[in-house]
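S.K.: Here is a sequence together with a model predicted from it:
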Amino acid sequence: MGKFDYGTIVIGGGAAGLTSSIGSARMGSKTLLVEKEQKLGGDCLHYGCVPSKSLIKSAYCCNVLRHSQRYGLPKVEVPPVDFKEVRNRIRKIVDTIQEHDSPEFFKKQYNIDTEFGSPRFVDPHTITINGKTITAKRFILATGSAGKLPPVEGLKDVPFITNVDVFSLEKLPVSLIVLGGGPIGAEMAQAFCRLGSKVTIVEFAGHILPKEDEDVALLMESILKEEGIEVLTSTAAKKARKDGDMITLTLEHKGQIRTISAESVLVATGRAPNVEGLDLEKAGVQYTPQGIKVNNRLQTTAKNIFACGDCKGGFLFTHIAEYEARIALVNAFLPVPVLKTDYSKVPWCTYLDPEAASVGMNEGMAKKAGIEYKIYKAPFADVDRALAEGETKGFVKVLTDVKGKIIGVQMVGFHAGELIHQWITAINGKVNLSNLAQTIYIYPTLAQINKKVSGSYMAERLFNNPVLKLIRSFKKK
């Protein structure tokens, strides 16, 4: 290794940082993992994926109990939810996972050193942290992102909450305004409504889940409204003020002004990369408000420094952070980086009930790219297992190009986040709809919706086949 203290220093202890540090150690490089918080795991473990899905499950169970008569069972009077118990369950789940994300585990299992604190670059090979100067041959930046405040007058002066503290509240808010109708805002709105809060979503775009196709977003919006959530779209929050025990927001909708009040306000209006305080300029690393600048090999403007995950912008998903970490790691060790990122088949899921999952292009993306496409669609209401489960809301929509190649799939329905994986495999493996239609699916399963939609493609091809048309014409005669 020569003159350097470490072969690799990874800055950031979230999904991307953990993945790249483990990979570095396995490649035989002396590795240091640096994290500004006093715990590893990042937002995903402590303030994102894990606690949110744990909360969503508690809310789902509460909703099932409340609607027990839908399943032919006696009506259940659900008592008020003690949010401390929900919070304690979330903490236990996080703590269980944390055991495998501890400095002691990483040292014992992979011989990775860990340093907690706020590092600053001195030059492309040197950082200072906790009064020490440490050098490395290569760096991987995985500093993640944080919630971004919208430009609402007075918002900083009211006691709003974010994803950082929403899972550790002392009590359930009687009423809650959610600023932002994206995935995080929509998920939390439904969860808190099901637990007993009176919830209002305020979304600037024309519909919630703005990155989804309109048919997906409007279905999810209608479901949230059915559950009692007030959804205000095409609406901008202009001003916030404390009003006794309440918080009042002034809103504007198509030139009309109105005010709404709630006990709590959850800000879920987007994320910003964590780049401040690193002195990246001294390392020769360029960045913008959207994130650290990288090429398609995840190399920054400093040749020995790579970036992955939320800090570089783009798709802010844990699975993408892990994907990018593997590419950044390999390229960081090569004399010339060769692996390229490919975001043409990115999958994601919004964990509402029912879930909304997607892979590849949706209609909006295809139109923007100027791609001519065809749609094949099937509803969950036509699937016997969905009927048995009482989960008939939703559909699967498959987009193909004019030659029949699958270019994207959107799915809304019970366990859509699991069911989408067959389509992820199909797209990545270049499997066509004909192959899927000929697959034997277990009956009765929700996966039969995939058979139904691929079967509609096959039926179209079959009945439009010139040979079959000729045979049918002879039979008529």
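M.R.: Received it, and whenever you're ready, just let me know what you need. Residues are numbered from 1 along each chain as shown.

S.K.: pLDDT on whichever helix in the chain runs longest, on average?
M.R.: Counting residues, the longest helix found in the chain (DSSP state H) is helix 49-66. Helix 49-66 shows a mean pLDDT of 97.

S.K.: Can you dump the C-alpha atoms of it in PDB for me?
M.R.: What follows is helix 49-66, C-alpha atoms only, in PDB (Å, rounded to 0.1, in the frame of the first residue of the first chain):
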ATOM      1  CA  CYS A  49     -37.200   1.700   4.700                       C
ATOM      2  CA  VAL A  50     -37.100  -0.500   7.900                       C
ATOM      3  CA  PRO A  51     -39.100   1.700  10.300                       C
ATOM      4  CA  SER A  52     -41.600   2.800   7.700                       C
ATOM      5  CA  LYS A  53     -42.400  -0.700   6.600                       C
ATOM      6  CA  SER A  54     -42.700  -1.800  10.200                       C
ATOM      7  CA  LEU A  55     -45.100   1.100  10.900                       C
ATOM      8  CA  ILE A  56     -47.100   0.300   7.700                       C
ATOM      9  CA  LYS A  57     -47.500  -3.300   8.900                       C
ATOM     10  CA  SER A  58     -48.900  -2.200  12.200                       C
ATOM     11  CA  ALA A  59     -51.300   0.100  10.400                       C
ATOM     12  CA  TYR A  60     -52.300  -2.600   8.000                       C
ATOM     13  CA  CYS A  61     -53.200  -5.000  10.900                       C
ATOM     14  CA  CYS A  62     -55.200  -2.200  12.600                       C
ATOM     15  CA  ASN A  63     -57.100  -1.700   9.400                       C
ATOM     16  CA  VAL A  64     -57.900  -5.400   9.000                       C
ATOM     17  CA  LEU A  65     -59.200  -5.500  12.600                       C
ATOM     18  CA  ARG A  66     -61.300  -2.400  12.000                       C
END
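
S.K.: Run through who's touching it.
M.R.: 44, 71, 76, 78, 81, 86, 89-90, 93-94, 97, 163, 167, 184, 187-188, 190-196, 227, 318, 351, 353 (C-beta atoms under 8 Å, 6 or more residues apart in numbering). Every residue, glycine included, has its C-beta placed from N, CA and C.

S.K.: contacting residues for the nearest residue to residue 42 once chain neighbours are set aside?
M.R.: Counting by C-beta to C-beta, 6 or more residues apart in numbering, residue 42 lies nearest to residue 14, which is 2.2 Å off, once chain neighbours are set aside. By C-beta under 8 Å, 6+ apart, the residues touching residue 14 are 41-45, 142, 144, 309-310, 321.

S.K.: Most neighbours among those, which one is it?
M.R.: For the contacts of residue 14, neighbours were counted using other C-beta atoms under 10 Å, and residue 309 has the most, 38 neighbours in all.

S.K.: pretty sure it is touching residue 144, no?
M.R.: Yes: taking contacts as C-beta atoms under 8 Å, residue 309 lies within contact range of residue 144: 6.1 Å.

S.K.: The stretch 151-300 of the chain: strands as residue ranges?
M.R.: 175-179, 198-202, 230-232, 235-243, 246-253, 256-262, 264-267, 271-273, 287-288, 291-292 (DSSP state E, counting those that start in this stretch).

S.K.: Skipping its backbone neighbours, what lies nearest the most centrally placed residue in the chain in space?
M.R.: The residue lying closest to the centre of the chain (C-alpha atoms, centre = their mean) is residue 317, at 4.6 Å. Spatial nearest neighbour of residue 317, chain neighbours left out: residue 348 (5.8 Å); criterion: C-beta to C-beta, 6+ apart.

S.K.: Next, show the common contact partners of residue 309 and residue 144.
M.R.: Common neighbours of residue 309 and residue 144, using C-beta under 8 Å, 6+ apart, are 12, 14, 16.

S.K.: what would the strands of the stretch 151-300 of the chain look like in TSV with mean neighbour count, mean pLDDT and distance to residue 3?
M.R.: Below are the strands of the stretch 151-300 of the chain laid out as TSV (neighbours: other C-beta atoms under 10 Å; pLDDT from 0 to 100; distance: least, C-beta to C-beta, whole Å):
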stretch	mean neighbour count	mean pLDDT	distance to residue 3
strand 175-179	25	98	50
strand 198-202	24	98	55
strand 230-232	18	98	59
strand 235-243	17	97	53
strand 246-253	18	98	56
strand 256-262	14	98	58
strand 264-267	25	98	46
strand 271-273	20	96	31
strand 287-288	16	97	28
strand 291-292	24	98	26
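
S.K.: Those: which one's closest to residue 7?
M.R.: For those, the distance to residue 7 is smallest for strand 291-292, at 21.4 Å, taking C-beta to C-beta.

S.K.: Show the contacting residues for residue 282.
M.R.: Listed by C-beta under 8 Å, 6+ apart, the contact partners of residue 282 are 120-123.

S.K.: circling back to that earlier point, looking at the strands of the stretch 151-300 of the chain, which is closest to residue 152?
M.R.: Closest to residue 152 of those, according to C-beta to C-beta: strand 235-243, at 4.8 Å.

S.K.: Next, the angle from that closest one to strand 198-202.
M.R.: Per axes from the mean of the first three to the mean of the last three C-alpha atoms, to 10 degrees, the angle that strand 235-243 makes with strand 198-202 is 130 degrees.

S.K.: what packs against strand 235-243?
M.R.: strand 246-253 (3 or more C-beta pairs under 8 Å, 6 or more residues apart in numbering; DSSP states H and E).

S.K.: Return the list of strands paired to the strand it packs on, each annotated with direction.
M.R.: strand 235-243 (antiparallel), strand 256-262 (antiparallel) (DSSP bridges).

S.K.: which ones are touching residue 318?
M.R.: 15, 44, 48-49.

S.K.: one more time with 7 Å, if that's ok
M.R.: Contact analysis of residue 318 by C-beta atoms under 7 Å, 6 or more residues apart in numbering lists 15, 44, 49.

S.K.: per-residue confidence for it?
M.R.: Residue 318 carries a pLDDT value of 97.

S.K.: Quick check: bridge partners of residue 132?
M.R.: Applying DSSP bridges, one finds that residue 132 bridges with residue 129.

S.K.: how many neighbours does it have?
M.R.: 11.

S.K.: give me phi/psi at the nearest residue to residue 285 once chain neighbours are set aside?
M.R.: Among residues not flanking residue 285 along the chain, residue 300 sits closest, at 4.6 Å (C-beta to C-beta, 6+ apart). With angles defined as degrees, to the nearest 10, residue 300 sits at phi -80, psi -170.

S.K.: now swap in residue 127 and tell me
M.R.: Main-chain dihedrals, residue 127, degrees, to the nearest 10: phi -130, psi 160.

S.K.: can you pull the contacts of it?
M.R.: So residue 127 contacts 9, 119-121, 134 (C-beta under 7 Å, 6+ apart).

S.K.: most neighbours, which of those?
M.R.: Within the contacts of residue 127, neighbour counts (other C-beta under 10 Å) peak at residue 9, which reaches 30 neighbours.
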